[in-house]
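Novice: Any chance you can model this:
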Amino acid sequence: MPAGTGAAGHPPDGGVRETAADVGPVESVDTVQALAALLRQLRRRAARRNGGTQLTYRQLATRTGWAHGAIGDYFAGKTLPPTDRFDTLVQLLGATGKELRLFATARDRVEEARRAHTATGRGADPPDTDEATGTDSAPGTDAAGCRPVVPRQLPVDIPQLPGRAGELERLDVLRPARRGVGPPVVAVDGPGGVGKSALAVHAAHRLAERYPDGQLYADLRGSRHDAHPVPPVVVLRRFLHALGAPEPHPGNEAYAAAAYRTLLTERRVLIVLDNALDAAQVRPLLPAAHGCAVLVTSRGVLAALNGAAHLHLMPLPPPASVEVLGLWAGPGRLGAERGAAEAIAHHCGHLPLALRIAGARLVARPRWPVRALADRLTDPARRLAELSFADLDVRAALEAGRRELLDRGPTGRDAARALPLLAAEQGELTVEQATATTGGAPSATEAILEELVDVQLLESPAPGRYRFHPLTRLYALRSEAGTTGGARTIPKANGQGAD
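Specialist: Residues are numbered from 1 along each chain as shown. Predicted coordinates for the structure are as follows:
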């Protein structure tokens, strides 16, 4: 007879042992690892009952829309599933109505145990080590001696991102690393309006369960046309405050960065740095802890960010563009006018921001036929003006690239002046064609073209070949050739005007 049980399988106190068919006792489940063992038993039982193989993590990810890596963490006991996800998971694995109640109670018991451990300063669970990855299964104590604080700073999520399944799969590499290995860093770049921030925030929400000690978020304002980039020391102070560091926070950037890294020691925190200007703005904000991870977005490629993996974001495929337009326009709005919807997506250049604006305009005009907006977008001369609604504006998103050019010295200003001339040429450009257009020397012209690529106003599909995105071309044709706009260097560390 198993230890701790009485006759007929009753527990010592005389109560009835809670069981699930072909699974076993449930009332003893009080750790994340025990709950994961329960999920694995359910998965095996479902396979036996269906006469087939066990559902794979990828199959479960397809049915739920969650990252398959997060599902793997649930079954491995690395992460406690949120209540709604746990309920969905056990239902997919064939739990009955009675079993759902038993399992929900067990999950709540595990969460209460974790809270009790946290309250006594011992962390959420005993610090086990996963044999497969070598990572701790639970956060350790606070190395700085501060009371543990769990920040949840991520912006509101967008529930669906059609056409980005491949990109989300690539971001699944953001998981706590082995000891002795630096934290994973992924830098997402792309032109204005391509959906970098939406992708990063959505991915961060999907991955949040891997980082039980919190998620930090900062808009660094390096890709915004109407704001100064935020100095790293200002972000460090905010993060220190969010992590529970005692005030006053260090005023010097180096001291603040050291305190920040110390606080993150043995913690699992996901850091999202949105709209970075350059690698220099990001470096002080990188943790050293192996249990953390960093997701950065920027307009240009942060090629100088050591150790980072890079994800270059492109406009959406045409079918996904129509799907995105439908999400913003509302259920059923596009149903009878598929051709008009496809025309809108084409005129938007399959750019997520433009599609969002078009959808908002349809919502704001519920009596308009979809064809009416498609017709208004047909005229290139007015297209950018039509793609503006409330605080959303495609022209403003593209303007940030030109403003950065103006801050890059003589070559950047030359590139800004050349922009409308180059946009007047149709099709792809070569260095020779661009040289004939601008009248400059080939070497100077190539330098101008590369400056435009760096700020994502021009694409380079192959060495020596360049092309405009359709909306960028329209913007470039009407861009001002002057050098006004002011400098956008990062302010000094006093933080004045950074907000």
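
Novice: what's the offset of stretch 271-288 from the middle of its chain?
Specialist: Here stretch 271-288 is found 14 Å from its chain centre; the criterion is C-alpha atoms, centre = their mean, to the nearest Å.

Novice: Mind jotting down where the strands sit in this protein?
Specialist: 19-20, 24-25, 185-189, 215-219, 270-276, 293-298, 309-312, 388-389, 392-393, 429-430, 459-462, 465-467 (DSSP state E).

Novice: Which among those strands is found nearest to residue 340?
Specialist: Nearest to residue 340 among those is strand 388-389; the distance by C-beta to C-beta comes to 18.2 Å. For the C-beta atoms, the positions are set from N, CA and C on the backbone; glycine is no exception.

Novice: mean confidence score for that closest one?
Specialist: The predicted model assigns strand 388-389 a mean pLDDT of 94.

Novice: Have a look at the chain and report its longest helix.
Specialist: helix 97-119 (DSSP state H).

Novice: Quickly, which of the strands of the chain bottoms out on average pLDDT?
Specialist: Among the strands of the chain, strand 19-20 carries the lowest mean pLDDT (a mean of 56).

Novice: if we can go back for a sec, could I get the strands of the chain in a markdown table, plus columns for distance to residue 476 and mean neighbour count?
Specialist: Converted to a markdown table, those look like this (distance: least, C-beta to C-beta, whole Å; neighbours: other C-beta atoms under 10 Å):
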| stretch | distance to residue 476 | mean neighbour count |
| --- | --- | --- |
| strand 19-20 | 64 | 18 |
| strand 24-25 | 67 | 16 |
| strand 185-189 | 20 | 23 |
| strand 215-219 | 27 | 22 |
| strand 270-276 | 22 | 25 |
| strand 293-298 | 21 | 26 |
| strand 309-312 | 21 | 16 |
| strand 388-389 | 17 | 16 |
| strand 392-393 | 16 | 17 |
| strand 429-430 | 12 | 17 |
| strand 459-462 | 12 | 12 |
| strand 465-467 | 12 | 17 |
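
Novice: and these as a markdown table, adding distance to residue 155?
Specialist: A markdown table is the format used below for the strands of the chain (distance: least, C-beta to C-beta, whole Å):
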| stretch | distance to residue 155 |
| --- | --- |
| strand 19-20 | 39 |
| strand 24-25 | 42 |
| strand 185-189 | 15 |
| strand 215-219 | 7 |
| strand 270-276 | 8 |
| strand 293-298 | 12 |
| strand 309-312 | 19 |
| strand 388-389 | 20 |
| strand 392-393 | 15 |
| strand 429-430 | 38 |
| strand 459-462 | 28 |
| strand 465-467 | 33 |
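
Novice: Quick one: closest of those strands to residue 368.
Specialist: Of all the strands of the chain, it is strand 388-389 that lies closest to residue 368, at 13.4 Å by C-beta to C-beta.

Novice: The closest one pairs with which strands, and in what direction?
Specialist: Strand pairing for strand 388-389, using DSSP bridges, gives strand 392-393 (antiparallel).

Novice: who's in contact with the residue at minimal distance from the centre of the chain?
Specialist: By C-alpha atoms, centre = their mean, the chain has its centre lying nearest to residue 200, at 1.5 Å. For residue 200, the contacting residues are 188, 272, 274, 295, 297, by C-beta atoms under 8 Å, 6 or more residues apart in numbering.

Novice: give me that answer again for 6 Å
Specialist: Applying C-beta atoms under 6 Å, 6 or more residues apart in numbering to residue 200 gives the contacts 188, 272, 295, 297.

Novice: that older thread, and of the strands of the chain, who's closest to residue 154?
Specialist: strand 215-219 (5.0 Å).

Novice: Show me what the closest one is in contact with.
Specialist: 151-154, 208, 235, 239, 270-275.

Novice: again, only this time at 8 Å
Specialist: 151-155, 201, 204, 208, 230, 235, 238-239, 242-243, 269-275, 285.

Novice: Any idea how far it is from the middle of the chain?
Specialist: 11 Å.

Novice: Would you mind putting the CA coordinates of it into PDB?
Specialist: The C-alpha coordinates for strand 215-219 follow below in PDB (Å, rounded to 0.1, in the frame of the first residue of the first chain):
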ATOM      1  CA  GLN A 215       8.400  42.000 -17.900                       C
ATOM      2  CA  LEU A 216      10.000  45.500 -18.300                       C
ATOM      3  CA  TYR A 217       9.000  47.700 -21.200                       C
ATOM      4  CA  ALA A 218      10.400  51.100 -22.400                       C
ATOM      5  CA  ASP A 219       9.700  53.200 -25.500                       C
END
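
Novice: Direction-wise, compare that strand with strand 293-298 and give the angle.
Specialist: Orientation check (axes from the mean of the first three to the mean of the last three C-alpha atoms, to 10 degrees): strand 215-219 against strand 293-298 gives 20 degrees.

Novice: got a list of what residue 458 touches?
Specialist: By C-beta under 8 Å, 6+ apart, the contact list for residue 458 reads 422, 449, 452, 466, 467, 468, 472.

Novice: Could you pull up the residues touching the closest residue to residue 312 other than its chain neighbours?
Specialist: Excluding the flanking residues, the one nearest residue 312 by C-beta to C-beta, 6 or more residues apart in numbering is residue 189, at 5.8 Å. Counting by C-beta under 8 Å, 6+ apart, residue 189 makes contact with 196, 297, 298, 299, 300, 301, 302, 310, 311, 312, 313, 456.
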